[in-house]
Each structure stands twice: as structure tokens, then as C-alpha cells.
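Chemist: Curious how this folds, go ahead:
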Amino acid sequence: MLKHKISHFSEISKNLFYSMLRIRMVEEKIAHKYSEQQMRCPVHLSIGQEAPAVGVCSALDKSDWVFSGHRNHAHYLAKGGDLKAMISEIYGKATGCCGGKGGSMHLTDKSAGFIGATPIVGSTIPIAVGAALTAKRTSSNRVVTVFLGDGAMESGVVHESLNFAATANLPVLFVCENNLYSVYSPLDVRQPPGRSLSDIAKAHCLNTITVDGNNVGEIYDTSFKAINDLRNGSLPYFLELPTYRWREHCGPGYDNDIGYRTELEFESWREKDPIVKFSDHVDPQESMMWAEEIQQEIEEAFVFAETSCFAPISSASENVYHSTTIACENSHLTSDRVISYAEAIRESQDYALANDQGVYLMGLGVPDPKGIFGTTLNLQNVHGIDRVFDIPLSENAITGVAIGSAITGMRPILTHQRLDFSLVSIDQIVNQAAKWHYMFNGTMSVPLVIRMIIGRGWGQGPQHSQSLHAWFAHIPGLKVVMPSSAYDAKGMLSSAIKDNNPVLFLEHRWLHNIKGFVPSEPYFIPLSKAAIVREGSDITLVGVSYMTLECLKAAETLLRLNISVEVIDLRSIHPLDTETLLTSVNKTKRLLVVDHAESTCGISAEVIALVVENFGKSLLSNPKRVCLPPHPVPTCHALASEYYPTSDTITRSIFSIFSKPCDSLLKEDEQTPKDQPNREFIGPF
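Modeler: Down below sits the predicted model:
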């Protein structure tokens with residue numbers, strides 16, 4: 001018998017019943033008012049399945065954190081979320097919990113411990129696991145709960161999340177509201193016969209319990225014990241709660257007539273109404289009084305929402321980014337100390353780990369003997385396995401874990417050994433990291449650095465060497481930087497770690513071995529500024545990442561031919577430093593952009609469009625670009641010999657801009673293959 005077993009007419013019984021009744025009445029009111037067409041967002045009602053939310057959340061402390069998905073009203077209210085703020089949000093008003101930017105599917109009330117809900121099935125699960133990582137790292141004795149439906153159990157990211165939660169022994173409670181349908185698809189066509197959802201979680205070494213999802217008392221008792229165990233270091237828990245939603249998947253109505261479920265099935269579950277089932281635990285007279293009290297609260301909440309104002313249109317562009325202010329101390333230091341780009345990356349991370357306990361570093365191969373091309377070498381030995389650690393091969397979930405820990409106070413640095421590998425986590429990067437600050441109206445920030453390495457040569461081929469920075473630059477909420485020197489690598493990574501926004505820090509593999517002057521002391525370089533790395537007067541040459549080095553080589557050759565080239569290292573892909581670019585082109589009146597990515601919809605097109613829109617016919621020649629050809633890179637070095645542009649390619653393009661014939665000085669270096677920057681750089685890598 002559980003120590004905390006509830007009894008009839010106890011305060012706990014009253015609270016459980018009151019909370020379920022309140023949720024039911026709130027959602028019935030939403031369903032009734034929805035036809036007025038003033039709540040202009042999807043609603044996913046929990047009518048009929050209130051017991052899981054109430055039973056679990058009533059066993060939590062206020063300081064515990066809760067995450068949810070699209071069907072989140074019950075969880076929000078059961079955890080103590082503000083009713084007026086919720087209804088106002090559904091109406092899209094400025095007084096809503098997200099200022100009207102989130103709607104029904106994105107609710108938050110941090111003061112109540114309801115951190116957030118997002119509607120992409122399964123996506124919130126790793127974020128909750130990341131919050132549990134924060135709870136464990138800060139020794140807060142806090143438990144994190146995440147609600148999910150049966151449909152989420154078919155998502156790969158959920159399996160990855162369960163595995164990581166168990167591996168890291170995190171204080172997280174997974175609550176699966178198994179209402180038998182994923183939209184219109186029944187469970188028995190989505191899962192093999194004879195296997196329960198709890199069996200899946202058990203295979204990941206979680207503590208698993210299946211409880212009647214319409215028995216709020218049993219759910220409360222079970223949750224209370226599980227939560228207590230989690231506070232005492234237990235492995236994560238997974239509760240499967242079979243229940244049933246009465247209303248349609250999305251919307252206010254009933255849909256038993258459209259064929260995916262029967263009226264007979266619906267009525268059999270309606271007879272198991274969790275509120276009626278628990279009504280013998282409370283005094284009938286009291287419950288009638290509560291209903292009147294709740295009705296009054298609901299009326300006030302709806303009047304408040306309906307009479308509140310919409311946010312001004314200007315607010316639509318606010319809170320895309322957190323307004324981080326980083327004092328760029330010592331950003332123009334000089335030094336005679338020479339180290340490699342990789343060593344500069346390592347030094348920046350080492351400093352951040354030593355000076356901010358919220359910083360931690362994770363990634364596949366982070367503690368390996370080679371230390372990801374030398375960029376993480378020995379950092380685990382210096383800072384410990386809790387702060388520098390390897391990860392499972394689960395890029396999607398681990399990116400979500402990083403996001404979850406970031407929004408709850410940490411500053412994670414996540415490394416993907418190839419940019420290509422990060423594409424597995426595109427949902428977390430684009431739908432969660434980039435939008436979290438915005439869709440919750442600035443109430444939370446995502447101070448996260450994701451390092452991505454761009455491969456090239458030595459057989460890296462189509463899936464290990466893509467340059468997709470333009471993809472990410474297209475997404476509001478992300479910052480994308482690509483330093484090309486050791487000096488900039490250290491200073492910009494240090495700034496990225498301090499930034500309160502998600503920063504994608506892209507490193508070209510061929511840059512890791514280059515060396516430059518780098519001060520030993522810390523310094524910070526702005527993430528929004530390009531760098532003029534060579535002044536000139538005849539043409540502006542804009543380089544991206546490694547191509548900046550090729551641009552500098554071309555500028556040297558062209559100087560001997562009496563063409564003065566101004567070379568700009570773009571450094572920041574997003575935000576773009578328009579001022580530096582326009583000032584330079586206004587001086588030279590000519591432009592060539594060089595990028596190691598395809599030209600179609602690329603950053604080169606963006607820079608050229610910027611210049612043409614501002615200067616038009618005042619230019620002395622049409623802007624040009626040098627990019628990769630429109631096909632994947634071949635693995636074979638012989639086939640790739642003409643794939644990558646070189647300084648010679650750049651020089652010839654500039655000759656064409658000046659309408660000059662190719663000079664005899666231009667002779668390709670036939671000795672060094674195009675799949676290595678120099679003879680010292682040999683594979684495999």
C-alpha cells in the first residue's frame with residue numbers, strides 16, 4: 001500500500017476533483033465559444049482525459065518543471081498556469097501568456113513550472129530531457145515531467161530521448177496518455193500485436209508502470225511514488241495511462257460519425273468518465289459550490305480575453321532574437337604567439353568552461369584521443385566527465401537536449417563532426433531552437449552553440465562535405481558565423497558562447513591546421529561584423545570561410561597586374577554586415593562574391609541582390625559570383641578536380657570583369673591535388 005494513499009473526502013481528493021472539474025468546464029466553454037470564430041487557432045481539447053494531467057501534476061512541487069505537446073490545456077491548468085493568460089493567448093491577445101504569438105499550441109507559465117508546449121509530435125520530449133539534465137547538474141532536486149501521446153511513441157526522437165535519459169540517469173517522468181488514436185489512426189495499425197507502449201520504454205531500461213488513465217486517485221498515488229523515487233536518484237519513470245478523448249483530434253466538436261471510431265466505442269469510454277468515477281470521493285453539495293465558483297472564474301477569464309487588446313503590429317517583429325549585449329573587450333589585441341585554428345577553438349572552449357559553470361561541451365568524439373581534429377583535445381581531463389562528454393549517435397535528440405538545458409539556464413556547446421550529420425536534427429534546430437524565444441514572446445532564451453564542421457577532399461563525398469550555411473541563414477532566430485582565421489575563430493566562438501541566441505558556428509575542415517597570431521588572453525569579436533582583411537580600390541572581393549584564403553591569394557596575383565582588390569571576409573552569414581559590404585562596393589563600384597556552396601539561392605546571391613538594390617546602374621560592371629557547380633561533390637578526387645574554385649578561378653573571373661585576357665602569370669599548381677590544401681594535409685580525416 002502506498003504511503004500517500006488518498007482517502008474519501010480528504011483535501012487531496014477535493015483538490016483532484018476540483019482540478020478535473022475546472023479543466024472540463026474551461027474546455028467545454030472553449031468548445032462552446034469556438035464557433036464565434038474569435039479564437040483563430042487550432043485547439044486540441046482534453047475533455048474525457050483530464051485525469052492524467054491532474055493526477056500527475058498534483059503530485060509535483062511548484063518548482064518542478066512540466067513540458068507538453070499540442071493537447072496541453074489540461075497540463076497547463078493542472079500545473080497552476082494562469083487561466084486568464086491562457087484564454088487570452090487562445091484569443092491571440094497581448095495579455096496572453098505568449099503575447100498572442102503562440103496560440104493554443106504554445107503555452108507557458110514559468111512561475112507555475114509549466115515551461116512550454118510545442119505541437120510537433122515528439123519534439124518536446126528531448127527538450128524536457130535537456131531540462132532534466134539541468135536539474136541534475138544544478139542539484140536542484142527538481143523533477144521534470146513531459147506529457148506525450150501514443151503517437152509520439154513511433155517517433156525516432158522519442159526512442160533516442162528515452163535512451164539518453166536512462167543512460168544519464170536523469171530525473172524525468174515520461175507520461176504517455178494513450179488515447180488509442182494518432183489523429184485518425186488507431187493504435188493497432190501502428191504497433192505490432194502483443195506489445196504495449198510500456199514495453200518499449202522498458203526496453204530502454206526505464207521504470208515502467210501502466211495505470212488506469214481515468215482513475216485520478218490511482219494516477220496520483222503512482223505518480224507520487226515515482227516522483228519521490230526520482231528525487232532520490234532513481235532511473236527515469238515511464239507511466240502509460242490508457243484513456244480516451246471525447247472530442248475530435250483538433251477542434252471543438254464530436255467526430256464519431258466520420259468512420260474512424262464507433263459510437264459504441266465512444267459510449268463505452270464515456271461511461272468511464274474520470275470525473276464521475278471520482279465523484280464519490282467528494283461531498284455532492286461541495287462539488288456544486290465548486291462548479292459555481294469555477295463558472296464565475298471562467299466568465300471573468302473570457303471577458304478579460306475578449307476585452308483585451310491585440311498587440312501592436314510592430315510587435316510581430318519583436319523577440320526574434322534575444323537582445324544580447326556582449327562587451328567586445330580586447331577585440332583588437334595583437335600578439336606574436338602563433339597557434340592553429342583548431343588550437344584557437346580549443347582555447348576558447350577551455351576558457352568558457354573554466355569561467356562559467358553553466359557551460360558544458362558534448363558531441364560524438366569530444367573526449368576521443370584526437371579530440372575532433374584537436375579542437376577538444378584533453379578538455380575532459382581538465383574539466384571532468386560531467387562537463388565534457390561523449391554522446392550516443394542520436395543527433396536529433398541530443399540537439400533537443402542541448403536546447404532544453406539552454407532554456408533552463410545552461411550554456412551548452414554541441415559539436416557535429418560534419419555539418420551533414422546535423423541535418424538529422426533539422427527539426428530541433430529550425431522548429432525549436434530558432435523559434436523558442438519568439439513563440440514564447442521573449443520569456444525564454446536559447447544560449448546554445450552548435451559547432452558544425454564542413455569536410456572537403458580526400459573522398460569526403462556527397463554526404464560529408466556539404467556547405468549549407470545559406471539554408472540556416474534563411475531561418476529567423478538563428479545566427480550563423482564562419483570565421484576563416486585562427487584569431488577570429490577564438491574571438492567569435494567566445495562571443496557565440498556568451499550570446500543568448502542559438503549560434504551555428506561553422507568550421508571548414510581545411511582551416512583547422514592553418515596558423516595565425518592569437519593572443520593568449522580572452523577577447524570577443526562581434527558576431528555581426530564582416531572584416532576587411534585587405535584594402536583595395538578597384539574591386540570588392542567577398543569571401544566565405546575557407547574561400548577568403550583563396551581570395552587573398554588571388555589579390556596578391558592581381559596586385560602584380562595593377563588591379564587593387566579589397567578583400568572582405570564575410571565572417572557572419574546571418575546577420576549580414578550590410579554596412580561594410582555597401583561601403584566597400586560604393587568605393588570600388590565592382591563586386592565578386594566567392595562561396596564554397598552552390599550558387600542557387602546561396603549567400604552569394606543575397607550579397608549581390610543587396611548591392612544591386614542599393615547601387616543599381618551606378619556600378620561599373622555587373623556583380624559576379626564564383627561558387628560550386630550544381631551537382632554533389634564526387635568522392636573520387638579525379639572527378640572532383642574541377643569542382644572546387646581556387647585562387648586561379650577567382651583571378652580569371654576578375655579578369656573577365658575588367659575585360660582583360662587571361663595573363664600568362666596564371667598557371668595552375670598541378671603538383672597539389674584539389675582534394676587537399678597542401679601536401680602536409682593527408683587523409684584519412
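Chemist: List the contacts of residue 273.
Modeler: Neighbour list for residue 273: 48, 214 [criterion: C-beta atoms under 8 Å, 6 or more residues apart in numbering]. Heads up, the C-betas are built off the backbone N, CA and C, glycines and all.
Chemist: can we see that at 10 Å?
Modeler: 20, 24, 47-48, 50-51, 214, 244, 246, 279 (C-beta atoms under 10 Å, 6 or more residues apart in numbering).
Chemist: Of those residues - the most surrounded one?
Modeler: residue 51 (34 neighbours; other C-beta atoms under 10 Å).
Chemist: Can you tell me which of the contacts of residue 273 is closest to residue 380?
Modeler: Distance ranking of those against residue 380, using C-beta to C-beta, places residue 51 first at 45.5 Å.
Chemist: Widest-spaced pair of the contacts of residue 273?
Modeler: Top of the distance list for the contacts of residue 273 (C-beta to C-beta): 244 and 279, 18.1 Å.
Chemist: now the contacts of residue 273 in a markdown table, with secondary structure, distance to residue 564 and pLDDT?
Modeler: Formatted as a markdown table, those follow (DSSP: H, G, I helix; E, B strand; the rest coil; distance: C-beta to C-beta, whole Å; pLDDT from 0 to 100):
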| residue | secondary structure | distance to residue 564 | pLDDT |
| --- | --- | --- | --- |
| 20 | helix | 77 | 98 |
| 24 | helix | 76 | 98 |
| 47 | coil | 73 | 98 |
| 48 | coil | 75 | 98 |
| 50 | helix | 74 | 98 |
| 51 | helix | 76 | 98 |
| 214 | coil | 79 | 98 |
| 244 | coil | 75 | 97 |
| 246 | coil | 75 | 97 |
| 279 | helix | 86 | 94 |
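Chemist: any idea where the strands of the stretch 401-550 of the chain begin and end?
Modeler: 411-416, 449-454, 479-481, 503-508, 515-517, 531-534, 539-543 (DSSP state E, counting those that start in this stretch).
Chemist: winner for burial among the ones you listed?
Modeler: strand 539-543 (a mean of 28; mean count of other C-beta atoms under 10 Å).
Chemist: neighbouring strands for it, and are they parallel or not?
Modeler: strand 565-569 (parallel), strand 591-598 (parallel) (DSSP bridges).
Chemist: for these, which one sits closest to residue 189?
Modeler: So among the strands paired with strand 539-543, strand 591-598 is nearest, using C-beta to C-beta, at 41.1 Å.
Chemist: That closest one: how far from the chain's middle?
Modeler: 28 Å (C-alpha atoms, centre = their mean, to the nearest Å).
Chemist: That one: which residues count as buried?
Modeler: Residues of strand 591-598 classed as buried by neighbour count (16 or more other C-beta atoms under 10 Å): 591-598.
Chemist: again with stretch 160-179
Modeler: 160-166, 168, 170-179.
Chemist: Those residues in strands, which ones?
Modeler: 172-178 (DSSP state E).
Chemist: In a markdown table, list the residues you listed along with distance to residue 206 and pLDDT.
Modeler: Below are these laid out as a markdown table (distance: C-beta to C-beta, whole Å; pLDDT from 0 to 100):
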| residue | distance to residue 206 | pLDDT |
| --- | --- | --- |
| 172 | 9 | 99 |
| 173 | 10 | 99 |
| 174 | 7 | 99 |
| 175 | 12 | 99 |
| 176 | 11 | 98 |
| 177 | 17 | 98 |
| 178 | 16 | 97 |
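Chemist: Looking at these, which one is closest to residue 444?
Modeler: Nearest to residue 444 among these, with distances taken as C-beta to C-beta, is residue 172, at 18.7 Å.
Chemist: What's the per-residue pLDDT of the residue lying closest to that closest one once chain neighbours are set aside here?
Modeler: Distances taken as C-beta to C-beta, 6 or more residues apart in numbering put residue 132 closest to residue 172, at 4.0 Å, once the chain neighbours are dropped. Turning to residue 132, the model gives it a pLDDT of 99.
Chemist: go on, residue 120?
Modeler: So, for residue 120, pLDDT stands at 95.
Chemist: burial count for the closest residue to it other than its chain neighbours?
Modeler: Nearest residue to residue 120 in three dimensions, chain neighbours excluded: residue 431, at 5.7 Å (C-beta to C-beta, 6+ apart). For residue 431, the neighbour count with other C-beta under 10 Å is 16.
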